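Engineer: give me the fold of what follows.
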Amino acid sequence: MAIITLTSDWGIRDHYAASVKGAILSYYPEALIVDISHTIQPHNLNQAAFVVRNCYHSFPQGTIHILGICEEASIETPHTLVVYDGHYFIGADNGIFSLIFDEMPEQVIELDVLQDSDYFTFPGRDVFAKVACHIAQGKPIGELGHPKKGVRQKIAFRPVVDESAIRGKVIYIDNYENVYTNITEKLFKEVVKKRKFAITFNTRSNRITDIKKSYLDVPPGEMLALFTTSGHLQIAMRNANAGGLLGLKLDTAVTVELE
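Structural biologist: Predicted coordinates for the structure are as follows:
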């Protein structure tokens, strides 16, 4: 039984996700379909990549991941199959692959698959579902198209580091309004070491001077900073919505000031 995951900005109100699932089951009734998320902000490649990169490795190797964000194909963004870390990723090569992976993919194939529809507005159903089922049935992936060198690069904003600070930004806000920054635990430890620090954002009164291990390490309603399983510095509030209450939005600057 093959696992096929779906990540998209299709939403949950409309027929889009159901149509793709129906197409998959028509091609391959034995498929196990898993929804990762259908509430990605429309056309937000960074948000989609953050979600996928933080969960794909929880699935068994051989899992097939359909990426339904900015799906349309063009000369610059062809429909593409990428093999990485033992997983298969199907989507338009619009930069999303480079945001998910830290290293070069093992294999990249530009798809040349005839769709069953004369309409070109819904490749998630008319192309990606067909490709996923081809892989799930154990057929050679070389039949799906031709090899290409690498994937389209979309450079993610990286923190700026100098002697006095790490300067980053908010890259994701989850359903609890916990706020993720692009400052990783690895970078934080390399730069901060044993020096005193203060995490600041928005106003000088918003200062956090230590890293907690758990949300329960502070009283209800108090803000804290911690590192999560994603490996990123997170700003949160116990039993409260940090994003809204602290005025943190995507791209808000977050600074780790150093002694």
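Engineer: residue ranges for the strands of the stretch 151-259 of the chain, please.
Structural biologist: 160-162, 165-173, 179-184, 197-201, 203-208, 223-227, 232-237, 253-258 (DSSP state E, counting those that start in this stretch).
Engineer: against which helices or strands is the fourth one packed?
Structural biologist: Read it as strand 197-201. strand 203-208, strand 232-237, strand 253-258 (3 or more Cβ pairs under 8 Å, 6 or more residues apart in numbering; DSSP states H and E). Glycine gets a C-beta too; all of them are placed from N, C-alpha and C.
Engineer: was I right to think residue 72 contacts residue 123?
Structural biologist: Yes. With contacts counted by Cβ atoms under 8 Å, residue 72 reaches residue 123, the gap being 6.8 Å.
Engineer: about what we covered before: among the strands of the stretch 151-259 of the chain, which gets the worst mean confidence?
Structural biologist: Least confident of these, judged by mean pLDDT, is strand 203-208 with a mean of 88.
Engineer: centre of the chain to that strand, how far?
Structural biologist: The chain centroid and the centroid of strand 203-208 are separated by 29 Å under Cα atoms, centre = their mean, to the nearest Å.
Engineer: what do you get for stretch 66-76?
Structural biologist: Its chain's average C-alpha position is 15 Å from that of stretch 66-76, according to Cα atoms, centre = their mean.
Engineer: I'd like the helices and strands packed on strand 197-201 as TSV, with distance to residue 129 appended.
Structural biologist: Listed next are the helices and strands packed on strand 197-201 as TSV, based on distance: least, Cβ to Cβ, whole Å:
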stretch	distance to residue 129
strand 203-208	45
strand 232-237	32
strand 253-258	39
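Engineer: most packed of the ones you listed?
Structural biologist: Across these, the average number of neighbours (mean count of other Cβ atoms under 10 Å) peaks for strand 232-237, which reaches a mean of 23.
Engineer: the nearest residue to residue 86 once chain neighbours are set aside: neighbouring residues, count only.
Structural biologist: Sequence neighbours aside, residue 61 is the residue nearest to residue 86 in space, at 3.3 Å (criterion: Cβ to Cβ, 6 or more residues apart in numbering). A total of 9 residues lie near residue 61 under the criterion other Cβ atoms under 10 Å.
Engineer: go on, residue 197?
Structural biologist: Neighbour tally, residue 197, other Cβ under 10 Å: 22.
Engineer: residue contacts, it?
Structural biologist: Contacts here follow Cβ atoms under 8 Å, 6 or more residues apart in numbering; on that basis residue 197 touches 209, 256, 257, 258, 259.
Engineer: surely the first one meets residue 198?
Structural biologist: I take that to be residue 209. Yes. When contacts are counted by Cβ under 8 Å, residue 209 is listed as touching residue 198 (5.1 Å).
Engineer: out of these two, which sits in the busier spot?
Structural biologist: A side-by-side neighbour count of residue 209 and residue 198, using other Cβ under 10 Å, places residue 198 first with 16 against 11.
Engineer: any idea how far residue 179 is from that one?
Structural biologist: Distance, residue 198 to residue 179, using Cβ to Cβ, to the nearest Å: 17 Å.
Engineer: and residue 38, by the same measure?
Structural biologist: Computed as Cβ to Cβ, the residue 38 to residue 179 distance reads 22 Å.
Engineer: give me the more crowded residue out of those two.
Structural biologist: Legend: neighbour count by other Cβ under 10 Å for residue 38 and residue 179, higher for residue 179 (28 against 18).
Engineer: residues touching that one, list them.
Structural biologist: Each residue near residue 179 by Cβ under 8 Å, 6+ apart is listed here: 170, 172, 173, 234, 235, 236, 242, 243, 246, 248.
Engineer: in this protein, where is pLDDT below threshold?
Structural biologist: Residue ranges of the chain with pLDDT under 70: none are present.
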